[in-house]
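S.K.: Show me how the following folds:
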Amino acid sequence: QVQLVESGGGLVQAGGSLRLTCTASGGTFSNYAMGWFRQAPGKEREFVAAISRSSIRTIYADSVKGQFTISRDNAKNTVYLQMNSLKPEDTAVYSCAAKPFTMSSDRGGYDYWGQGTQVTVSS
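M.R.: Residues are numbered from 1 along each chain as shown. Got it, this is the predicted structure:
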């Protein structure tokens with residue numbers, strides 16, 4: 001059983017930056033691809049970014065390409081999401097998730113989820 005805890009959310013002005021952190025426990029972190037997803041009020045949860053087990057590959061939603069960067073540190077059991085040039089439409093609850101072996105943009109493939117951290121971008 002893998003437990004995931006996110007941190008780093010908050011209120012930021014448009015154009016600002018935040019770095020989200022997700023720390024895992026209870027499993028072998030390097031066995032899991034990691035993903036970030038977000039859910040805005042009244043909308044379905046959507047894929048943001050994912051990273052392979054060894055950080056060789058990353059994928060991003062078109063809406064955040066060039067704006068967000070996902071990375072991980074297997075020695076610290078941690079995955080990060082660096083978010084730059086934030087816009088009001090980036091406001092959402094951001095959750096990290098763990099998927100055995102291969103990464104995916106499909107939320108259905110992820111077995112473990114964190115509780116999420118709120119990101120609010122003011123205009």
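S.K.: drop to CA atoms for contacts and neighbour counts, all remaining ones
M.R.: OK.
S.K.: Contact partners for the residue most central in space within the chain?
M.R.: In the chain, the residue lying closest to the centroid (Cα atoms, centre = their mean) is W36, at 2.4 Å. With contacts defined as Cα atoms under 8 Å, 6 or more residues apart in numbering, W36 is in contact with F47, V48, A49, A50, L81, Y94, S95, C96, A97.
S.K.: what mean pLDDT would you report for the strand or helix carrying it?
M.R.: Under the criterion of DSSP states H and E, W36 resides in strand 32-39. Computed over strand 32-39, the mean pLDDT rounds to 98.
S.K.: Sheet-wise, list the partners of it with their directions.
M.R.: strand 46-51 (antiparallel), strand 92-100 (antiparallel) (DSSP bridges).
S.K.: most distant residue from the middle of the chain?
M.R.: The chain, farthest from centre, Cα atoms, centre = their mean: S123 at 22.7 Å.
S.K.: R53 against N31, yeah?
M.R.: Yes: proximity of R53 to N31 meets the contact threshold set by Cα atoms under 8 Å, at 6.3 Å.
S.K.: higher neighbour count, those two?
M.R.: Neighbours were counted for R53 and for N31 using other Cα atoms under 10 Å; R53 has more, 22 against 16.
S.K.: Tell me the spacing between the more buried one and V64.
M.R.: Going from R53 to V64 by Cα to Cα, to the nearest Å gives 21 Å.
S.K.: do I51 as well
M.R.: 14 Å.
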